[in-house]
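Asks: with the sequence up front, the predicted model follows.
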Amino acid sequence: MTDKNKIQYWEGLYSKDYFFGSGPTKLAKLADSFLNNKSINKILEIGCGQGRDATYFSQSGYNVEAFDISENAIKFVNHIKQILNLTNLNAFVHDAEKPLPYEPEHFDFVYSNLALQFFDLQSLDTIFKNTVQLMKKNSLFLFSTKKKGDKYYQFGKKINDDAFEHQGITRYFFDSDVLQETLSNYFEVVQIDSNTHTNLDSSVSVWWKILAKKA
């Protein structure tokens, strides 16, 4: 599937307001325990979608830079930003695999909720490499990504044991040791565990929660 078709998929998804709901996610609430205990000002969110967590962090007083590949998603974030008068939130369209326009060691905290499940290991390595350069020494990176057992695992066309394609979008379900090995090129893994949630349709969502520190 071409990048153009992938973008069209996300544009269609985010043509609906609050597609994934409103209010902060569980991961954003978990982030509070790390944010409140440290001197943190600048936050980067990778793959912000319609901005549930970016607006939450911004309302909490942090300076937030957030991006997504979907123009419709970013338009919605900026719409909410205007309504809430969030002058400390900057949302923009960007491809996660491309370098970001910031000076080295710019951010105190990096965050991503369920956006990295759509990248293979080579792409994740690129994202991690680009990200770590923008982080201050000893700063933290908190992210989540899907794991085996999730409702989308073994759903759609099988690419391999770790990847399945549905509607042209491939999701990756890597084991924790694989993720830790990839991260270890750039980060110290502080904590890795998982969450499970039963959806309204009785399907189950399962994801890794990973906290890493700049090595």
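Replies: Structure received. Numbers count the residues shown, from 1 in each chain.

Asks: contacts, neighbours, all on C-alpha from now
Replies: Noted.

Asks: who does I169 bridge with?
Replies: H166 (DSSP bridges).

Asks: surely it is in contact with K6?
Replies: Yes - with contact defined as CA atoms under 8 Å, I169 counts as touching K6 (6.9 Å).

Asks: need the contact list for N41.
Replies: Y62, N63, F107, D108 (CA atoms under 8 Å, 6 or more residues apart in numbering).

Asks: out of those residues, which is nearest to T87?
Replies: Of all the contacts of N41, N63 has the smallest distance to T87: 8.6 Å, by CA to CA.

Asks: count of residues packed around that closest one?
Replies: Counted with other CA atoms under 10 Å, residues neighbouring N63 total 21.

Asks: could you do F19 as well?
Replies: Neighbourhood size, F19 [other CA under 10 Å]: 12.

Asks: try the one 4 residues further on
Replies: Around G23 sit 13 other residues, with neighbours defined as other CA under 10 Å.

Asks: ok, it to S176 distance?
Replies: Separation of G23 from S176 (CA to CA, to the nearest Å) stands at 28 Å.

Asks: one more: S22?
Replies: In terms of CA to CA, S22 sits 29 Å off from S176.

Asks: higher neighbour count, those two?
Replies: Shown here are S22 and S176; by other CA under 10 Å, S176 has more neighbours (16 against 12).

Asks: what's the helix or strand bottoming out on mean pLDDT in the chain packed up against?
Replies: Every helix and strand in the chain was compared by mean pLDDT, DSSP states H and E; the lowest is helix 3-13, with a mean of 81. Counting contacts by 3 or more CA pairs under 8 Å, 6 or more residues apart in numbering; DSSP states H and E, helix 3-13 is packed against helix 71-84.

Asks: now do the helix or strand immediately after the helix it packs on in the chain: which elements does it pack against?
Replies: Using DSSP states H and E, the helix or strand that follows helix 71-84 towards the C-terminus is strand 89-93. On a contact count with 3+ CA pairs under 8 Å, 6+ apart, strand 89-93 meets helix 52-59, strand 63-68, helix 71-84.

Asks: tell me what the last one is packed against?
Replies: Contact here means 3+ CA pairs under 8 Å, 6+ apart; on that basis helix 71-84 packs against helix 3-13, helix 52-59, strand 89-93.

Asks: and the angle from it to helix 52-59?
Replies: Angle, helix 71-84 to helix 52-59, by axes from the mean of the first three to the mean of the last three CA atoms, to 10 degrees: 30 degrees.

Asks: before we move on, what about the shortest one?
Replies: Note on geometry: by the same axes, to 10 degrees, strand 63-68 and helix 52-59 are set 170 degrees apart in direction.

Asks: so for strand 63-68, mean pLDDT?
Replies: Mean per-residue pLDDT for strand 63-68: 98.

Asks: do the same with stretch 139-147
Replies: 97.
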